[in-house]
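**Student:** Coordinates for the following, if possible.
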Amino acid sequence: MVGTVPPRTTVPLPRRPLDPDDRQRHWYENELGWRTVPGEPLRLVTGLRFDVLDVPVEAGAAALWRLGPDSPVAVRGDRMRLLVAAGSAEELPGLLDWLEWGALAPALDLVALGADGHMEAPSRPGERPVRAPLPGAGPAEGRSLPPGRSRPLQGAAVWLRPPEPGCEVEASLPTLSAVGGVGDAPDLVRLVDTVATQCHRVRLRRLCAQPLAFS
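**Tutor:** Numbering: from 1, shown residues only. You can find the predicted model right below:
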């Protein structure tokens with residue numbers, strides 16, 4: 001009697017662990033619901049869930065008290081990125097005019113990122129960014145990169161106040177609708193006025209620090 005051939009079972013192949021870049025993209029897209037730009041380095045799309053005010057660190061640090069405790073803030077080198085409500089970048093020029101900063105706006109070093117823009121994605125909280133090697137040096141910290149992977153530049157962006165997955169990030173962002181409202185969102189008008197004032201002070205200090213030119 002011929003025996004019955006048992007059905008063949010397929011053993012699933014082991015999954016490849018996600019590398020740091022994939023983990024970060026998964027965190028932003030699946031846990032926060034933020035859209036990222038395809039390719040590397042990892043970048044976040046602005047103008048959908050949030051806009052960004054990009055200012056000197058000194059000016060941004062002086063304005064942190066205008067933000068709510070849950071408002072995300074990132075730092076990259078000597079620049080600070082303050083996340084604000086989507087649409088704020090479009091409102092910024094008119095807002096600066098209304099606050100009587102319009103004439104000085106081009107010199108304030110205050111940049112807004114909104115629709116069709118993007119910002120470098122800061123490293124996921126708890127994940128140490130990989131530093132780039134100095135020119136001519138070997139791989140940083142003795143680690144090698146897979147083919148096709150580029151190493152982040154020195155001074156990579158990091159979260160000073162990271163967004164919290166599972167909570168409504170937009171509710172914590174400064175917005176124009178907070179003026180006269182009853183919600184807990186920070187007031188974008190007061191934030192922009194404070195940031196513009198601090199940017200102007202930073203500019204004046206830099207001008208005073210420059211050596212005098214004699215003819």
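
**Student:** How about residue 102: what's its closest non-neighbour residue?
**Tutor:** Spatially, and ignoring its direct neighbours in sequence, residue 102 is nearest to residue 96 (5.3 Å; C-beta to C-beta, 6 or more residues apart in numbering). Bear in mind the C-beta positions are built from the backbone N, C-alpha and C, glycine included.

**Student:** count of neighbours near that neighbour?
**Tutor:** Residue crowding around residue 96 was assessed by other C-beta atoms under 10 Å; the count is 20.

**Student:** so how far is residue 106 from it?
**Tutor:** 10 Å (C-beta to C-beta, to the nearest Å).

**Student:** Determine the residues that are contacts of both of those two.
**Tutor:** Shared contacts of residue 96 and residue 106, defined by C-beta atoms under 8 Å, 6 or more residues apart in numbering, are not found at any residue.

**Student:** Where does pLDDT dip in this protein?
**Tutor:** Scanning the chain with the threshold set as pLDDT under 70 gives 1-20, 128-154, 166-167, 178-184, 212-215.

**Student:** Let's see that with 80 instead.
**Tutor:** Across the chain, the stretches falling below the confidence threshold (pLDDT under 80) are 1-21, 126-155, 166-168, 177-185, 210-215.

**Student:** What segments of it are helices?
**Tutor:** Under the criterion DSSP state H, the chain carries helices at the ranges 20-26, 57-62, 88-98, 188-209.

**Student:** Which one of those helices lies nearest to residue 77?
**Tutor:** Proximity of the helices of the chain to residue 77 was assessed by C-beta to C-beta; the nearest stretch is helix 57-62, lying at 8.1 Å.

**Student:** what comes up buried for the closest one?
**Tutor:** By 16 or more other C-beta atoms under 10 Å, the buried positions in helix 57-62 come out as 59, 60, 62.

**Student:** all strands for the chain, in order.
**Tutor:** Listed from the start of the chain, the chain has strands (DSSP state E) covering 36-37, 43-46, 51-56, 73-76, 79-84, 111-113, 117-120, 158-161.

**Student:** so which of these gets nearest residue 186?
**Tutor:** Set against residue 186 and scored by C-beta to C-beta, the strands of the chain come closest in strand 79-84, at 8.7 Å.

**Student:** which other helices and strands contact that closest one?
**Tutor:** Counting by 3 or more C-beta pairs under 8 Å, 6 or more residues apart in numbering; DSSP states H and E, the packing neighbours recorded for strand 79-84 are strand 51-56, helix 57-62, strand 73-76, helix 188-209.

**Student:** Nothing else from me, thank you.
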